[in-house]
Every structure is written in C-alpha cells, then in structure tokens.
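In: sharing a sequence plus its predicted fold:
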Amino acid sequence: MGAARVGVVTFPGTLDDQDAARAVRHAGAEAVPLWHADRDLKGVDAVFLPGGFSYGDYLRCGAISRFAPLMEELIPAARAGLPVLGTCNGFQILCEAHLLPGALTRNEGLHYVCRDQRILVENAATAWTGEYASGQEILLPIKHGEGRYVADAATIAALEAGGQVVFRYLGGNPNGSINDIAGICNEAGNVVGLMPHPEHAVEELTGAPSVDGRGFFTSILKRFANL
C-alpha cells in the first residue's frame, strides 16, 4: 500500500486548510484537496474538516456547509466507516450534519477565546487517537467564539457511559462546555470532532505550544498500516 490519502475539505471561509494539509504531509500521508462544491471524495482513506468560518457563519456555525454537495458524499461514507476528523468549525459541521450529537453554541461570557489549552485524552481507542494514552495530558491551541458544547441530559449521559467523550478541558473551561467536553466521537469511533486545533501543534518551527497534535495524524496512519 502506498501513502495514505487524507482529504482536506475547503469551504468558503475555511482558513486552516493549508495548516491541515501540512500536518497531514508532516505525518507522511498525502493531502488531497477536496472542494465543497464537488461530489467527489477522490477515493481518499480519511477526511479532515479543518477550522475557519464556513460561509462566514452567518446563519449558524456549519448550518450551510452541512448541505454542501461534498457533504452528500461524506455523510454516508462516514456512516459506513470512513475516518473523519473535524476541528473547530469542522466539529460544528459534523454536529450540524448529525454525524455527531449535540451542538456548539456561543462561548459562555460571549467572548472569543484564543489561547493554548491543556487537554485530557479520555478515549485513546478512536481512529484518530490510537497513538495517545487514556489519561494523557496534551497542549493544543484553541481559537473560537462558538465552542460551548451542549446537548440534552440524555445525550450527555449516553456519551459519558459509552466512552464517547474523547477530550476534556483541563486547567479551566474556556467556553462553558458541559462537563468540560472538548471533543467527542460517534459510537463507532471513526468520526471525531473537537474544538482545539491539533494541526497547529505539529512543528516547533512554527512557534507551536507543543507538538502534541502529531498524534492525531500518526494515529490514522498507524490504523491504515495495521489493516
């Protein structure tokens, strides 16, 4: 098998797609550009929905992007097992597309938050977290104004009981997310969404607070190598 091919999706307003592609290449995979208006996943092995402000977030974060032509292909592929990672706006899109439960709302206090954030890895058994250990602490950048994760009580209870809370905030909750939730996965563990930005923490050269984000990308490559 050749290098794994990871699709990186670009919507109008996406701003982290080049960082995402660089992180994919840094891990040794091929980054495949995917345009929102195309109905073609180009045979990729996994998909990364990076952060940004799709369509300016004018209606609701991710609400318009959820109906993009590319999503018509991605949603059934993800439900069939295609590994998908969504960070920040990508997480919001995954929730709007009902690939993940719950929603991301305005930060508590209504302030935009931009800082380096300590994160606890709760679930190291997903497609994107296999290179971490449960209970491991990592440091990743966050930058968002609508990152407060919310869901009804039954959904939160199901996520907690099923091990679907993948990441929690440590050292202070930056946005008021229920139970300090920073990221979750679907029941199968192939779809993961989180507000922090692992793609901004892969190289010391860029002034990243750590290189703790590398594990997301080496995890998915290891998964393919073991198939």
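Out: That came in fine, so what should we check first?

In: for this structure, which segments count as helices?
Out: 17-26, 69-79, 89-96, 153-161, 214-225 (DSSP state H).

In: neighbours around residue 13, how many?
Out: 16 (other C-beta atoms under 10 Å). For every residue, glycine as well, the C-beta is placed using N, CA and C.

In: and the helices of the chain, which is most packed in?
Out: helix 89-96 (a mean of 28; mean count of other C-beta atoms under 10 Å).

In: could you give the angle of that one to helix 69-79?
Out: Interaxial angle, helix 89-96 versus helix 69-79 (axes from the mean of the first three to the mean of the last three C-alpha atoms, to 10 degrees): 70 degrees.

In: what residues does helix 89-96 touch?
Out: 9, 14, 48-54, 57, 60-63, 65-66, 71, 84, 86, 100-104, 146, 183, 191, 193-195 (C-beta atoms under 8 Å, 6 or more residues apart in numbering).

In: now do stretch 15-30, average pLDDT.
Out: Mean pLDDT, stretch 15-30: 94.

In: circling back: let's have the helices of the chain in a markdown table, adding distance to residue 172.
Out: Listed next are these as a markdown table, based on distance: least, C-beta to C-beta, whole Å:
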| stretch | distance to residue 172 |
| --- | --- |
| helix 17-26 | 25 |
| helix 69-79 | 32 |
| helix 89-96 | 20 |
| helix 153-161 | 20 |
| helix 214-225 | 23 |
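
In: out of these, nearest to residue 118?
Out: helix 214-225 (15.2 Å; C-beta to C-beta).

In: elements contacting that closest one?
Out: Applying 3 or more C-beta pairs under 8 Å, 6 or more residues apart in numbering; DSSP states H and E, one finds that helix 214-225 makes contact with helix 17-26.

In: restricted to buried residues, select the contacts of helix 89-96 in ChimeraX.
Out: Buried residues within the contacts of helix 89-96, by 16 or more other C-beta atoms under 10 Å, are selected in ChimeraX with:
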select :9,14,48,49,50,51,52,53,54,57,61,62,63,65,66,71,84,86,100,101,102,103,104,146,183,191,193,194,195
